[in-house]
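K.L.:
Need the 3D shape of this:
(one chain, ligands or ions: 2)
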Amino acid sequence: MAALSILGLLAVLFVPLSLLVALFFLARPRSTKVPIKGRHVFITGGSSGIGLALACRAAAQGARVSILARSIEKLEEARKFIRLSTGVDVAIYSSDVRDFEDVSRAINEADPIDILICNQGVFFPQELDTQEMKEVSFMIDVNLVGTFHLIKAALPRMKSRPDRRPASIALMSSQAGQVGIYGYTAYSASKFGLRGLGEALQQEVIADDIHVSLIFPPDTETPGLEEENKRKPELTKIIASSSAAVKAEEVAEKTLNGIKCGRFIVACNFDGIMLSIATAGLSPQSSFIMAFFEVMLAGFMRLLALCFQWSWYGTIEQWQAHKHRIH
Ligand SMILES: NC(=O)C1=CN([C@@H]2O[C@H](COP(=O)(O)OP(=O)(O)OC[C@H]3O[C@@H](n4cnc5c(N)ncnc54)[C@H](OP(=O)(O)O)[C@@H]3O)[C@@H](O)[C@H]2O)C=CC1
Ligand SMILES: CCCCCCCCCCCCCCCC(=O)[C@@H](N)CO
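P.N.:
Residues are numbered from 1 along each chain as shown. Ligands and ions are numbered 1, 2, ... in the order given. Below is the predicted model:
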């Protein structure tokens, strides 16, 4: 009897266990460790919010840190803040990521980069129908084209870095870069763009032992979010609140941990993990455990995703009906 039930248990476990073993050999790129201590971490948008939290955390973990942003005043304030909270001095570079020459000058002035974190970003939520093209282009230029400029400027010296240990390029996307959200047409497009860039780039730089990470935070408490909330359409607020807001320090922690494990997709809260499984698509996956969950939960996550869309479309319908009534 006991032997039979053990046999039954083995039969039930056979499929998941053999899947785990298969994924252990299948998962690519191979899992790796990207050390931070003593290495040069270059963070754009490092003078505020998530970038500033990242700079503090990397400095506290013994990295050599540089931060880049436009405003020299904000950069100097950030440098003081980081010195006070960690005792570490960071290098600051004032430049605009939209200007390739300007960014190249800053990056070539700095030491060779081991870990490049493209975190700069701007966000102006509004319905496309009424949004000026000027704002649309601004978001695409800073968030997407700016990231191309950074990578183009940094890559040659990253590839020939004297430090032959694994290196990293991390791109700060957003959950709005995994699913399109009302009010975020331009912003979502810029953040989805980073994913295409990242997936293709990872194949190109794997031979140089450079590991790409895409970070997908939900709403995060930062000066940027505070400004954004002043003009956010009500529907954007409601739909975005489907994922719980987090603090900049939590995003910084998840980001650095993700980079250190060479993880391609980095989620920042529980909803984020679900969203990442639901949108895994053809992205690379170095963790066979995560690959296992992606395979096992794919169907269920699609169902859950459809439930979310059902609820969002319900909210939009109600909102429009309400608007018609008061007009
Ligand atoms: N806060 C949130 O809710 C979420 C944010 N994100 C993403 O995280 C990243 C950081 O956001 P957050 O910390 O909130 O933003 P903040 O507005 O607080 O900080 C933005 C940083 O980017 C810099 N920056 C902006 N434009 C440029 C530019 N053209 N060239 C160089 N630097 C620039 C800013 O400095 P300066 O103005 O001086 O140039 C500042 O240091 C962004 O990419 C954002 O899209 C993702 C999900 C949620
Ligand atoms: C199948 C499982 C689904 C799980 C839940 C999905 C929830 C999606 C919510 C998306 C929120 C987007 C926030 C964007 C924040 C941002 O980038 C702006 N604040 C600008 O900075």
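
K.L.:
only C-alpha atoms for contact and neighbour calcs from this point on.
P.N.:
OK.

K.L.:
who's in contact with stretch 10-29?
P.N.:
If you take CA atoms under 8 Å, 6 or more residues apart in numbering as the criterion, stretch 10-29 is touched by 206, 284-289, 291-292.

K.L.:
How far does it sit from its chain's centre?
P.N.:
Distance, stretch centre to chain centre, for stretch 10-29: 28 Å (CA atoms, centre = their mean, to the nearest Å).

K.L.:
what's the answer for stretch 111-121, then?
P.N.:
Mean-position distance between stretch 111-121 and its chain equals 13 Å (CA atoms, centre = their mean).

K.L.:
near ligand 2, anything from that stretch?
P.N.:
No: using CA under 6 Å from any ligand atom, we find that stretch 111-121 stays clear of ligand 2, coming within 7.8 Å at best.

K.L.:
export the contacts of stretch 10-29 to TSV and tack on secondary structure, neighbour count and pLDDT?
P.N.:
Formatted as TSV, the contacts of stretch 10-29 follow (DSSP: H, G, I helix; E, B strand; the rest coil; neighbours: other CA atoms under 10 Å; pLDDT from 0 to 100):
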residue	secondary structure	neighbour count	pLDDT
206	helix	15	98
284	coil	19	97
285	coil	22	97
286	coil	22	96
287	coil	21	96
288	helix	21	96
289	helix	13	96
291	helix	22	97
292	helix	20	97
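
K.L.:
Would you reformat those residues as TSV and include distance to residue 221?
P.N.:
Converted to TSV, the contacts of stretch 10-29 look like this (distance: CA to CA, whole Å):
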residue	distance to residue 221
206	34
284	30
285	29
286	30
287	29
288	32
289	31
291	31
292	32
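
K.L.:
is the spatially most central residue of the chain in a bridge, and if so with what?
P.N.:
Centroid check for the chain by CA atoms, centre = their mean gives residue 215 as the closest residue, at 1.6 Å. Beta-bridge pairing of residue 215 under DSSP bridges involves residue 172, residue 266.
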